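Q: After the sequence you'll find the predicted model.
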Amino acid sequence: MPQTLHPYSTAMLAISGHCASTQSASSERNTHREHTSAGERVITVALAGQPNVGKSTVFNMLTGLTQHVGNWPGKTIEQKTGTFQYNGTRVRLVDLPGTYSLTANSPEEQVARDFIIREQPDVVVVIVNAATLERSLYLLAELIWLPSPLVLGLNMVDVAEQEGYRIEPHVLEAALGLPVVPIIATRNQGIRELVEAVDSLVCDPLGSAPRRPEIREDHQAVLDAIEGHIAAYVPPPYPTNWVALKLLEGDAEITRLVKTHAPQECWEQVHSTLKQHEDAILAVAGGRYEWIGRMVRAAVEQPRVGQVTLTDRLDRIATQPLLGLLVLAGILGLVFWLTYAIGTPLQDWLDATVVHGGSELVRQALAGAPPWLIGLLADGVMAGAGTVITFIPIMVVFFAALGLLEDIGYMARAAYVMDRFMHAMGLHGKSFLPLFLGFGCNVPAVAGARIIDSGRARMLTIQLTPLVPCTARMAVIAFLTPAFFGRGAALVAWGLVLLNIIVLALAGIFINRFVLAGARAAFIMELPLYHIPNARTIGIFVWQNILAFLRKAGSIIVLVSVIVWALSTFPGPGLENSLIGRLGLLLAPVGGLMGLDWRPIVALVTSFVAKENAIATLGVLYGTGEEAAGLAQTMSSLVPPAAALAFLATFTLFIPCAATVAAIRQETNGWRWALFNIGLLLVISFAVGILIYQGAALIGLRM
Amino acid sequence: MSEVPERQDQPELATPLPQVWHLSDLAAGEIAEVHDLSGGSDFRSRMASLGFTPGATVRMLQNYGHGPVIVSLRGSRVALGRGEAHKVGITYQPDQSQAGY
């Protein structure tokens, strides 16, 4: 739903009219400004900013549910776009990835600058955090070399005030030479003024005429020399002076660009000049910070040195090695408890009403149809769709809790506390975040690994994610353990979670040593200030994660559910004569090593579709239907405890579900690593299952 | 940190140069100036954009002698792995007061 931010007043009409007349003068620069058939003006605005400046809150405030989440072309980086109406103009807002600079250290930085250089948005809105003004202005110091006019959104002015900063936006505006709008995005304050500033800048691009940072004199001479050499060979639309600056900074992508476009002797000259100034990055960055210092000095009154803030106080506990770990354990425990206490009853209710009700409805509606069609729709499609639906409550609660922790600024502390434990696997603290997400669902966790800067660490994290037991697996464990172990059920369930974590650590060490050997990436992470959470930001976080799950998992689960239904029905009659039954019999020898017959093995195979399918399959195979009590009783009388434990361990460690495999394939750009993961987990899960059963037999515990 | 950090090798000159230490040697509460960055160009570029440039003031917020550290610099808090903190050369006066923290 597009939001109209401002009533359509006559005064605004007058401004629009004025704007239309000046537009022709600037239309040459803004090559892609469009008009819709209704004569509506369409402009493109890019939203730039460092991480932790509240950029996504601003984006959510402006675009709401109109936003479209996709990927940047050819990259596994999220691209968010949205639209809103203002003053008769349709504004297409593009959320650039949050980056600290515009040097191509990461794909995110490359995406952000490529968009500004190639697409030349009408305006770039730069969001900075007023409480970390000096650092967040660094991105602005880079952006002013690019051609688009800029507006500065000075966010979190309330937090800055609490921290003891006194900022005068008008002084800052005069010093920088571009519009500065103070905002408090979480309270929707100043957003309208920000849009007004964008609108008037579109009418008059000269309203943004920033003063650029000077570069130290000796480096300026070098820069001029380089610019002279390359001027004729820089391909449009790259600004020549910017390319020269990036060469001096040692930017790999720009170096490659110039190398391919400039003739050999020219490049050699440039190259030898650059070699003499290899330390220039520090000088250039230092120069930018000096410039920021001058801008900030006049406009900002710094807090008293040594003032102990709320964040300092909280961090004394949250980041202390031992206490921090206890806090983290407490928070995780609370999140899980909440997830299951609220989510599970809702899940059961949905299962009873929507899924069973839906299946019955299908059966009744198709009373006269051939049995295979009824089976296809009721047992194939409805069962698959039902599975997806029943998981929504659990995921909503889990993601809401996670979104809250992220929004108040706690998750960076969790990553910090976990850093030392991740080192053994060649990872660092940041990898903890997607892995934790995996407890909810592995599918968003695989995609969540995007926050990790190094490609190697990201791949390793993705490979380990399926070893985190998700809500679906925990549901099966919660169902089966009481049947086999009675009062010891909770102990066994926690033991299985612990087993998964130990196997995850060992697999991480193994992959790090033998498969993805390489240097551990640098652990550099900002710890944002704690702040009051924003319900809308959390709501949109939950909404987008659920939507992504429904899109990916939904289609795949329904499809595979139909395939499995077909495999378990044909040629028949009965499950043991079906294709899947034969596959189970084929695998039965492996099951024998774990003390299991073919039935639990077939249940494992069907858990590939969706983990919780294991229960339904067991119900069919043991002929008890899905009634919990019946299945539990039958199984506990047929399967000895040692074999049951082997089965449960194998089940929690088994190959990832189809949706997770699809996510791995997508995030790693091919089947190679998805197949590697399947192979790895197949070996691990069977090995652990056999070890447990044979180990139990060895010490005479076959029972 | 009770032990005295090791000094980097430096030529003996007539006029004493400021002592160069590693950021990882700085105890909680102490303040220092960034002197230089070692390590690869990617690392130096990332650190420089976060504000670790020569002359920048850093304050150690948390350092337990092992594991990652937290520093405050240019108005923001940054967590660094121990290895990363070791690659930041700093100058400081070890006898300064630890006021304020």
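A: Arrived safely.
Q: how about residue A:94, secondary structure?
A: strand (DSSP: H, G, I helix; E, B strand; the rest coil).
Q: what's the pLDDT at it?
A: pLDDT for residue A:94: 95.
Q: Quick check: it vs residue A:196, distance?
A: Using CB to CB, to the nearest Å, we find residue A:94 at a distance of 20 Å from residue A:196. Glycine gets a C-beta too; all of them are placed from N, C-alpha and C.
Q: Check residue A:374 too.
A: 61 Å.
Q: swap in residue A:477?
A: 56 Å.
Q: which helices and strands does the host helix or strand of residue A:357 pack with?
A: Using DSSP states H and E, the secondary-structure element containing residue A:357 is helix A:357-365. On a contact count with 3 or more CB pairs under 8 Å, 6 or more residues apart in numbering or on different chains; DSSP states H and E, helix A:357-365 meets helix A:382-390.
Q: near chain B, anything from the helix or strand just after the helix it packs on?
A: Remark: after helix A:382-390, the chain's next helix or strand is helix A:392-408, criterion DSSP H and E. No - Helix A:392-408 stays clear of chain B (CB under 8 Å from any CB of the partner chain), getting no nearer than 14.9 Å.
Q: for chain A, what are the nearby residues on chain B?
A: Within chain B, the positions adjacent to chain A are B:36-37, B:39, B:41-51, B:53-56, B:61-62, B:64, B:66-68, B:70, B:73-81, B:83-84, B:99-101 by CB under 8 Å from any CB.
Q: Now the residue nearest the centre of chain B: closest residue in space, sequence neighbours ignored.
A: In chain B, the centroid-proximal residue (CA atoms, centre = their mean) is residue B:23; its distance is 2.3 Å. Spatially, and ignoring its direct neighbours in sequence, residue B:23 is nearest to residue B:88 (3.8 Å; CB to CB, 6 or more residues apart in numbering or on different chains).
Q: and that neighbour, what pLDDT?
A: Per-residue confidence (pLDDT) for residue B:88: 96.
Q: Contacts only, for residue 51.
A: I went with chain A, as the question did not name one. Counting by CB atoms under 8 Å, 6 or more residues apart in numbering or on different chains, residue A:51 makes contact with A:98-100, A:526.
Q: actually it's chain B I care about, not the one you picked
A: Residue B:51 neighbours (CB under 8 Å, 6+ apart): A:134-135, A:138, A:289, B:73-74, B:76.
Q: now residue A:230
A: With CB under 8 Å, 6+ apart, residue A:230 has these contacts: A:240, A:243-244, A:247, A:258, A:262, A:266, A:270.
Q: can you tell me the helix or strand for it?
A: Residue A:230 belongs to helix A:217-230, assigned by DSSP H and E.
Q: residues of that helix that come out buried?
A: Using 16 or more other CB atoms under 10 Å in any protein chain shown as the burial criterion, the residues of helix A:217-230 that qualify are A:219, A:222-223, A:226-227, A:229-230.
Q: One more: stretch A:302-322?
A: A:303, A:309, A:311, A:314-315, A:318-319.
Q: pLDDT averaged over that stretch - what is it?
A: 83.
Q: backbone phi and psi for the residue nearest to residue A:289 when sequence neighbours are not counted, please?
A: Of all residues not flanking residue A:289 in the chain, residue B:53 sits nearest, at 5.6 Å (CB to CB, 6+ apart). The phi/psi pair for residue B:53 (degrees, to the nearest 10) reads phi -110, psi 150.
Q: burial of residue B:53, as a residue count?
A: Counted with other CB atoms under 10 Å in any protein chain shown, residues neighbouring residue B:53 total 25.
Q: thought it was touching residue A:282?
A: Yes - assessed by CB atoms under 8 Å, residue B:53 is found in contact with residue A:282 at 5.6 Å.
Q: who in the stretch 451-600 of chain A is up against chain B?
A: Near chain B, when you scan the stretch 451-600 of chain A using CB under 8 Å from any CB, you find A:520, A:522-529.
Q: quick one on the thing from earlier: can you mark which positions in the helix holding residue A:357 are buried?
A: Of all the residues in helix A:357-365, those buried under the rule 16+ other CB under 10 Å are A:358-359, A:362-363.
Q: now, which of the residues you listed sits nearest chain B?
A: residue A:358 (49.2 Å; CB to the nearest CB).
Q: Can you give me the pLDDT of that closest one?
A: Residue A:358 is given a pLDDT of 79.
Q: wait, what's in contact with residue A:362?
A: Contacts for residue A:362 were tallied using CB under 8 Å, 6+ apart; they are A:374, A:377-378, A:382.
Q: An error on my part: the question was meant for residue A:72.
A: With CB under 8 Å, 6+ apart, residue A:72 has these contacts: A:78-79, A:111.
Q: one more time with 10 Å
A: Shown in contact with residue A:72 (CB atoms under 10 Å, 6 or more residues apart in numbering or on different chains): A:78-79, A:96-97, A:107-108, A:110-112, A:114-115.
Q: Test my guess that residue B:21 contacts residue B:90.
A: Yes - using CB atoms under 10 Å, residue B:21 makes contact with residue B:90 at a distance of 5.4 Å.
Q: The two: which is more packed in?
A: residue B:90 (26 against 20).
Q: I figured that one hits residue B:36, correct?
A: Yes - using CB under 10 Å, residue B:90 makes contact with residue B:36 at a distance of 9.0 Å.
Q: shared neighbours, the two?
A: B:20, B:52.
Q: burial count for the closest residue in space to residue B:66 that isn't next to it in sequence?
A: Nearest residue to residue B:66, sequence neighbours excluded (CB to CB, 6+ apart): residue B:82, at 7.0 Å. Close neighbours of residue B:82, defined as other CB under 10 Å, add up to 20.
Q: so what's residue B:82 up against?
A: Residues near residue B:82 by CB under 10 Å, 6+ apart: A:419-420, A:423, A:523, B:22-24, B:63-69.
Q: Looking at the residues you listed, spot the one nearest residue A:73.
A: Residue A:73 lies nearest to residue A:523 out of those, by CB to CB, at 30.4 Å.
Q: which residues touch the spatially closest residue to residue A:160 that is not a sequence neighbour?
A: Residue nearest to residue A:160 in three dimensions, not counting chain neighbours: residue A:130, with 3.7 Å by CB to CB, 6+ apart. By CB under 10 Å, 6+ apart, the residues touching residue A:130 are A:53-54, A:136, A:153-161, A:163, A:165, A:167, A:169, A:172, A:182-184, A:300, B:75.
Q: Show me just the buried residues among these.
A: Burial by neighbour count, 16+ other CB under 10 Å: within the contacts of residue A:130 this picks out A:53-54, A:136, A:153-160, A:163, A:165, A:167, A:169, A:172, A:182-184, A:300, B:75.
Q: can you tell me which of those residues are in strands?
A: Judged by DSSP state E, the subset of the buried ones among the contacts of residue A:130 located in strands is A:153-155, A:167, A:182, A:300.
Q: Okay, helices next: where are they in the stretch 451-600 of chain A?
A: Taking DSSP state H, counting those that start in this stretch, the helices of the stretch 451-600 of chain A run over residues A:455-464, A:471-485, A:489-510, A:535-549, A:555-569, A:579-593, A:598-606.
Q: Where does residue A:46 sit: helix, strand or coil?
A: strand.
Q: what's around it, how many residues?
A: 23.
Q: returning to what we had before: out of the residues of chain B next to chain A, which are buried?
A: The buried subset of the residues of chain B next to chain A - by 16+ other CB under 10 Å - is B:36-37, B:41-51, B:53-54, B:56, B:61-62, B:67-68, B:70, B:73-81, B:83-84.
Q: worst-scoring helix or strand of chain A, pLDDT-wise?
A: helix A:10-26 (a mean of 40; mean pLDDT, DSSP states H and E).
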